[in-house]
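K.L.:
Sharing a model prediction with you, sequence too.
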Amino acid sequence: VPASGSLPAGTALNADCTITGTPAASGTFNFTATVTDSSLGTGPFTQTTGTLSLTIAAPTVSLSPASGALPGGTVGTSYSQSFTANGGTGPYSYAQTLGALPGGVTLSGGTLSGTPTATGTFNFDITAADSSTVGSGGPYTRTQSYSITIAQGAQTINLGTLSDASLSASPLTLSATASSTLAVSFASTTTSICTVSGTTLTLLQIGTCSITASQAGDGNWNAAPDVVRSFTVTPANLTINAAAASGLQVGASYSQANTAAGGLAPYTYTLSAGAFVPGTTLSSSTGVVSGTPTVAGSFSYIVRVSDSQGPPRTADTGVTTVTIAKGNQTISFTSTAPAASVGGAAYNVTAAASSGLTPVLTINAGSAAICTLSGGSVTFQSTGTCVINANQAGDSNWNAAAQVQQSITVGAASAITTSVNFSTSSLGVGQTGTA
């Protein structure tokens, strides 16, 4: 074993005087070794060597790709380049140690990536370092110089479809974007129909208006292909206005006007979306929605007007939303109270509600001893006042009706009369006869 000094980490002096292992450090290592024999008696005997030296060379770290120009890139196009280190002890770290990377491109791990934002040739150094510790002579590094040339990017213009527009909509504002984010310019190729100043489009007369969108490029971007859009300039806008509704209750008289202007009369009105209040209809010639609501709740609809141009132009109202309240109903008896007496003829009582719902008939509690009700038939059992209640509780469309009553005065039972007629006849002993 070494008597003094030390061997490189990762190595050992063996009993057979050999040194084996994988050095984990570089440099010159000085040591002495002691040798002991196997003799007996006065032995064993030992001998220490003089100073010995072992030199471990530093590892060579390599980096690929080789120094020089890397593949070029383009402004606006994603770029990626990987670096790989070998030799020394992994894993490796990478850093830009000189120069400048293209704008929009960064080094992360061993990969250079991003989207370049400017043209030019960019020179820089990349240094790879292994994981050796300082005490072992490391870390060991490799630095190489590179360059990337970024060319002008290709750009496009996004100009959406231009919808047909009325003369009454002038002036309009044009809007388009370039993939480069540079400003887009506009020009009219039909100056008798429309003209352009900056992004303002002025309509002059009906016809076809054609607009060209351009972007000339700059030091970083090539010129974009022109984009042309055309649309039809139509007569003054057809408009329609929805007025507030009245009669917002079940059973009331509902009315809601929709009035058109512009375009070319006469107009035709139709339902565009939603649903009218049940019980109401739209006049196709006047635009008035009217009728008698039959259902409570919230209802929304849009009315469309079409003019007489060829082809017709159309316009829609905003959403008309109305809330129909429950209706108020009343009850009336449809049968006439009789002149009643105890034990007299039964009374068939009937009643009706203005809602069309069926009233519920009951004997008032205070009249329970005077009269009874079964299946709509009232019978009279004692004198007094028979009071019949009529109620209707309503439903989802109708409020409950106010109770109504029908009172019947019940008189005493009529006197029972009878007459006996006797006829003269002779009866013998033990015979019977009839009077």
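P.N.:
Arrived safely.

K.L.:
How about residue 175: what's its closest non-neighbour residue?
P.N.:
residue 199 (6.8 Å; CB to CB, 6 or more residues apart in numbering). C-beta coordinates here come from the backbone N, C-alpha and C atoms, glycine included.

K.L.:
Nearest the geometric middle of the protein, what residue?
P.N.:
Most central in the chain under CA atoms, centre = their mean is residue 319, positioned 20.6 Å from the mean C-alpha point.

K.L.:
List the contacts of that residue.
P.N.:
The contact partners of residue 319, by CB atoms under 8 Å, 6 or more residues apart in numbering, come to 273-274, 300-302.

K.L.:
run the last query once more with 6 Å
P.N.:
Contacts for residue 319 were tallied using CB atoms under 6 Å, 6 or more residues apart in numbering; they are 300, 302.

K.L.:
Any chance of the backbone angles for residue 169?
P.N.:
phi -90, psi -10 (degrees, to the nearest 10).

K.L.:
Not counting residues beside it along the chain, what's closest to it?
P.N.:
Of all residues not flanking residue 169 in the chain, residue 237 sits nearest, at 6.3 Å (CB to CB, 6+ apart).

K.L.:
Which residues are in contact with the one you found?
P.N.:
Residue 237 neighbours (CB under 6 Å, 6+ apart): 166, 168, 262.

K.L.:
Ranking by neighbours, what's the top pick from these?
P.N.:
residue 166 (20 neighbours; other CB atoms under 10 Å).

K.L.:
Was I right to think that residue contacts residue 231?
P.N.:
No: Residue 166 lies out of contact with residue 231 (CB atoms under 6 Å); the separation is 11.1 Å.

K.L.:
still on that earlier bit, ok, now how distant is the residue nearest to residue 169 from residue 316?
P.N.:
12 Å (CB to CB, to the nearest Å).

K.L.:
quick one: average confidence on stretch 398-411?
P.N.:
The average pLDDT within stretch 398-411 is 98.

K.L.:
and that stretch, which residues are buried?
P.N.:
Residues of stretch 398-411 classed as buried: 398-399, 401, 404, 406, 408, 410 (neighbour count, 16 or more other CB atoms under 10 Å).

K.L.:
Go through those and flag which are in strands.
P.N.:
Residues of those located in strands (DSSP state E): 404, 406, 408, 410.

K.L.:
hmm, back to that, quick one, phi/psi of the residue nearest to residue 175?
P.N.:
Taking degrees, to the nearest 10 as the convention, residue 199 sits at phi -110, psi 10.

K.L.:
Hmm, it is touching residue 171, no?
P.N.:
No: applying CB under 6 Å, one finds residue 199 not in contact with residue 171, separated by 9.9 Å.

K.L.:
hang on, the earlier thing: local confidence estimate at the residue nearest to residue 169?
P.N.:
pLDDT, read off for residue 237, is 82.

K.L.:
do residue 50 as well
P.N.:
What the model reports as pLDDT for residue 50 is 81.

K.L.:
which residues of the stretch 301-435 of the chain score low on pLDDT?
P.N.:
By pLDDT under 70, the low-scoring segments of the stretch 301-435 of the chain are 415-435.

K.L.:
likewise the stretch 101-250 of the chain?
P.N.:
Using pLDDT under 70, the flagged stretches of the stretch 101-250 of the chain are 134-136.

K.L.:
Mark which of the contacts of residue 237 are part of strands, please.
P.N.:
Mapping those onto strands (DSSP E) picks out residue 166.

K.L.:
got the contacts of residue 237 as TSV, with distance to residue 139 columns?
P.N.:
Shown next, in TSV, are the contacts of residue 237 (distance: CB to CB, whole Å):
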residue	distance to residue 139
166	74
168	76
262	80
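
K.L.:
Return the member of the contacts of residue 237 nearest to residue 32.
P.N.:
Nearest to residue 32 out of those is residue 166 (CB to CB; 105.0 Å).

K.L.:
contacting residues for the closest one?
P.N.:
So residue 166 contacts 234, 236-237 (CB under 6 Å, 6+ apart).

K.L.:
separation between it and residue 200?
P.N.:
From residue 166 to residue 200 the distance is 17 Å (CB to CB).

K.L.:
And the strands in the stretch 301-435 of the chain?
P.N.:
314-316, 320-324, 331-333, 340-341, 347-348, 351-353, 360-363, 371-374, 377-380, 384-391, 404-411 (DSSP state E, counting those that start in this stretch).

K.L.:
now the fourth one, how far from the chain's geometric center?
P.N.:
Same thing as strand 340-341. 73 Å (CA atoms, centre = their mean, to the nearest Å).

K.L.:
and that strand, which strands flank it?
P.N.:
Paired neighbours of strand 340-341 in the sheet (DSSP bridges): strand 404-411 (parallel).
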